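Chemist: Build me a model:
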Amino acid sequence: MKIKDSRDDIIDVVAIYWFEDKTLFYSIPKNYGGLMVFNSKKVEIIDPVMNFRTIYHPGRMNGIFHWSLIEEDLLDDVIDHDPKAFNRFIEILKSEGVLDPDFV
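Modeler: So this is what the prediction gives:
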């Protein structure tokens, strides 16, 4: 899934979750080093297709997440910008063809 933000940047979405009455996207902007949250009402959806295996994860963030964020327990560390977890996550996304090989 891809979104366009207010600066016209195209950003890959790796999770969708719901908080109160909001639909939020966890996305990975280039050169950011972690996950960034976007409100669905403040972005344009460019491509609505999730081209990877997803998992519904109930809890404090009910949502649909890229499998590795949950199965490899990367979510909290990637949110916190842990370089080791982020690099592992990017490695997985590149190996699946979700991200371009030159993504940083």
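Chemist: show me where this protein has helices.
Modeler: Using DSSP state H, the helices of the chain run over 67-71, 75-79, 83-95.
Chemist: residues of the lowest-mean-pLDDT helix or strand in the chain that come out buried?
Modeler: Ranked by mean pLDDT, DSSP states H and E, the weakest helix or strand in the chain is helix 75-79, scoring a mean of 93. Judged by neighbour count (16 or more other CB atoms under 10 Å), helix 75-79 contains these buried residues: 75, 77-79. For glycine as for every other residue, the C-beta is placed from the backbone atoms N, C-alpha and C.
Chemist: Now tabulate those residues in a markdown table and tack on distance to M1.
Modeler: Converted to a markdown table, those look like this (distance: CB to CB, whole Å):
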| residue | distance to M1 |
| --- | --- |
| L75 | 17 |
| D77 | 22 |
| V78 | 17 |
| I79 | 18 |
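Chemist: if we take those, which one ends up nearest to D12?
Modeler: V78 (13.1 Å; CB to CB).
Chemist: now that closest one: how far from R60?
Modeler: With distances taken as CB to CB, to the nearest Å, V78 is found 16 Å from R60.
Chemist: Okay then, goodbye and thanks.
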